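Engineer: Quick one: sequence and predicted model below, then my questions.
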Amino acid sequence: MDNFTFYSPTCFVFGKDTESSAGSLVRRFGGTKVLIHYGGGSAVRSGLLGRVKASLESEGIPFCELGGVQPNPRSGLVYQGIELCRKEKIDFILAVGGGSVIDSSKAIAAGTVYDGDFWDFYSGKRIEQALPVGTVLTIAAAGSEGSPDSVITLEEGMFKRGASGDAIRPKFSILNPALTQSLPPFQTAAGITDIMAHLYERYLTNTREVEVTDRLIEALLLTMIHEGPRVIADPDNYDARANIMWAGMMAHNNSCGVGRSQDWNSHNIEHELSALYDCAHGAGLAVTMPAVFSYVLEHDVSRFAQAAVRIWGCQMDFAHPEVTAREGIERLRSFLVSIGMPKNFEELGAREEDIPALVHALCWGDGRQGTISGFVTLNEEDCTKIYRSMI
Ligand code: NZQ
Ligand code: ZN
């Protein structure tokens with residue numbers, strides 16, 4: 001196991017009706033004037049936004065609002081939010097929504113207290129300072145409610161890139177599983193896929209002797225395999241929603257990624273797809289994960305065979321471990337299709353003729369030097385083959 005520091009200071013408030021504590025939590029974490037940031041309207045329609053505002057009012061905390069965050073959040077609204085925060089002297093940002101809203105809030109939080117262009121953080125500069133952010137989560141997926149990360153798309157060039165820093169870890173996150181009951185089935189499934197991807201990207205490691213995190217990841221993946229179909233069949237199943245919501249947080253606050261190298265190539269390859277086609281991140285991952293895993297399988301057959309046996313219950317073929325390894329990847333692919341995810345380029349809305357542009361943006365965009373690294377370092381030729389295998 002590698003050396004590590006684990007810092008996860010977020011206060012999680014979990015359960016039914018917990019959004020009513022938003023006002024008192026903002027006060028506890030020092031907010032005196034709040035920007036409520038939200039998405040395209042689901043939080044308005046469900047009445048959640050009204051309840052959050054009432055909670056702030058009951059604490060006597062003034063607020064401004066900025067809605068309109070799109071899935072795959074854009075730089076334009078971040079610039080607008082930074083300007084608003086400076087003008088209104090905002091000292092706390094409350095994100096009400098999913099990963100896109102939370103990531104946009106984190107970008108505004110970092111950009112408001114920074115003299116330069118906020119995009120510097122998405123081009124490699126670490127975030128050291130930011131306004132405090134709190135979240136009221138409405139979809140179990142990205143894990144941004146407990147992560148130090150934010151992913152934004154630069155409209156100029158449509159580059160989708162991530163930024164990181166402990167300063168943008170939320171001060172608090174309110175997780176009420178009942179809020180996710182209004183999700184359309186496709187979004188629920190995309191969220192499940194993203195959570196599973198966060199676990200797989202950590203499972204694919206070159207670090208040896210990491211039994212504790214291997215076992216944590218396996219437990220969370222088994223939970224997703226059990227609860228995913230239950231919630232697709234019965235969207236109002238609170239308990240299944242609750243297990244998925246907490247698994248989503250645990251999958252990405254890095255408690256099961258410490259002390260080990262990680263992959264993230266399925267994510268990098270997906271981010272170009274959601275930047276170009278504006279597809280749901282989880283739907284893109286359903287297509288990229290099996291393709292990347294199949295391509296890199298020979299790098300460490302026993303790791304994939306271990307996943308197949310321990311996660312998918314496959315029988316180990318000791319004479320031909322690569323057969324077991326491939327069976328595990330096929331089981332993952334079939335599972336994702338069974339919950340309603342796409343399986344190829346066509347179903348995702350991607351086009352073969354765009355592959356050269358996708359590869360160029362992936363390997364050279366925004367300061368990269370021709371490769372992406374992870375479990376295996378991939379060059380342009382590798383990435384071209386991987387995209388082609390998704391057709
Ligand atoms: O905008 P509204 O109207 O709220 O609709 C949203 C949106 O259309 C809808 N939705 C959310 N909660 C709902 C709901 N509809 C009905 N009822 C509810 N309760 O769902 C749609 C998707 O929302 P979005 O926030 O985009 O989903 P998600 O949480 O999957 O976030 C995706 C973004 O997170 C990034 C992805 O790249 C993508 O841009 N990621 C962020 C990470 C991080 N910060 O740590 C890590 C991830 O790997 C990921 O890259
Ligand atoms: Zn993800």
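Structural biologist: In hand now; what should we look at? Numbers count the residues shown, from 1 in each chain. Ligands and ions are numbered 1, 2, ... in the order given.
Engineer: Could you pull out the strands in the stretch 151-300 of the chain for me?
Structural biologist: For the stretch 151-300 of the chain, the strands defined by DSSP state E, counting those that start in this stretch occupy 159-164, 172-175.
Engineer: tell me the mean pLDDT for the first one?
Structural biologist: Looking back up the chat, that one is strand 159-164. Strand 159-164 shows an average pLDDT of 91 in the prediction.
Engineer: hang on, the earlier thing: need the winner for burial among the strands of the stretch 151-300 of the chain.
Structural biologist: Mean neighbours per residue, mean count of other CB atoms under 10 Å, is largest over the strands of the stretch 151-300 of the chain for strand 172-175, with a mean of 24. To be clear about C-beta, it is placed using only N, CA and C from the backbone, and glycine gets the same treatment.
Engineer: what's the offset of that one from the middle of its chain?
Structural biologist: With CA atoms, centre = their mean, to the nearest Å as the basis, strand 172-175 stands 16 Å off its chain's centre.
Engineer: Give me the helices and strands touching that strand, please.
Structural biologist: Secondary-structure packing of strand 172-175 (3 or more CB pairs under 8 Å, 6 or more residues apart in numbering; DSSP states H and E): strand 11-14, helix 22-28, strand 133-137, helix 238-252.
Engineer: swap the cut-off to 10 Å and go again
Structural biologist: On a contact count with 3 or more CB pairs under 10 Å, 6 or more residues apart in numbering; DSSP states H and E, strand 172-175 meets strand 11-14, helix 22-28, strand 92-97, strand 133-137, helix 238-252.
Engineer: of the ones you listed, which approaches ligand 1 most closely?
Structural biologist: Closest to ligand 1 of the helices and strands packed on strand 172-175, according to CB to the nearest ligand atom: strand 92-97, at 4.8 Å.
Engineer: relative to strand 159-164, how tilted is the helix or strand just after the closest one?
Structural biologist: With elements assigned by DSSP states H and E, the helix or strand that comes after strand 92-97 is helix 99-112. For helix 99-112 against strand 159-164, the angle by axes from the mean of the first three to the mean of the last three CA atoms, to 10 degrees is 70 degrees.
Engineer: State the mean pLDDT of helix 99-112.
Structural biologist: What helix 99-112 shows for mean pLDDT is 98.
Engineer: now the helices and strands packed on strand 172-175 as JSON lines including mean neighbour count and distance to ligand 1?
Structural biologist: Output for the helices and strands packed on strand 172-175, formatted as JSON lines (neighbours: other CB atoms under 10 Å; distance: least, CB to the nearest ligand atom, whole Å):
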{"stretch": "strand 11-14", "mean neighbour count": "16", "distance to ligand 1": "15"}
{"stretch": "helix 22-28", "mean neighbour count": "21", "distance to ligand 1": "16"}
{"stretch": "strand 92-97", "mean neighbour count": "30", "distance to ligand 1": "5"}
{"stretch": "strand 133-137", "mean neighbour count": "30", "distance to ligand 1": "8"}
{"stretch": "helix 238-252", "mean neighbour count": "23", "distance to ligand 1": "6"}
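Engineer: hang on, the earlier thing: nearest to ligand 1 among the strands of the stretch 151-300 of the chain would be which one?
Structural biologist: Across the strands of the stretch 151-300 of the chain, ligand 1 has its closest neighbour in strand 159-164 (6.7 Å, CB to the nearest ligand atom).
Engineer: Give me the helices and strands touching the closest one, please.
Structural biologist: With contacts taken as 3+ CB pairs under 10 Å, 6+ apart, strand 159-164 sits against helix 99-112, strand 149-154, helix 265-277.
Engineer: Tell me the strands beside that strand, with direction?
Structural biologist: According to DSSP bridges, strand 159-164 forms sheet pairs with strand 149-154 (antiparallel).
Engineer: distance of the closest residue to residue 46 other than its chain neighbours from residue 16?
Structural biologist: Distances taken as CB to CB, 6 or more residues apart in numbering put residue 182 closest to residue 46, at 5.4 Å, once the chain neighbours are dropped. Per CB to CB, to the nearest Å, residue 182 is found 15 Å from residue 16.
Engineer: neighbour-wise, which of those two wins?
Structural biologist: Per other CB atoms under 10 Å, whichever of residue 182 and residue 16 has more neighbours is residue 182, with 16 against 11.
Engineer: That one contacts residue 98, doesn't it?
Structural biologist: No - if you go by CB atoms under 10 Å, residue 182 and residue 98 don't touch, sitting 11.9 Å apart.
Engineer: Could you name every residue contacting both of the two?
Structural biologist: Taking CB atoms under 10 Å, 6 or more residues apart in numbering as the contact rule, residue 182 and residue 98 both touch 42-43, 138-139.
Engineer: what's the farthest-apart pair in the residues you listed?
Structural biologist: Comparing every pair within the shared contacts of residue 182 and residue 98 by CB to CB identifies 43 and 139 as the most remote, at 10.7 Å.
Engineer: What pLDDT does the model give the closest residue to residue 322 other than its chain neighbours?
Structural biologist: Spatially, and ignoring its direct neighbours in sequence, residue 322 is nearest to residue 301 (5.0 Å; CB to CB, 6+ apart). At residue 301, the model reports a pLDDT of 98.
Engineer: That'll do, ta.
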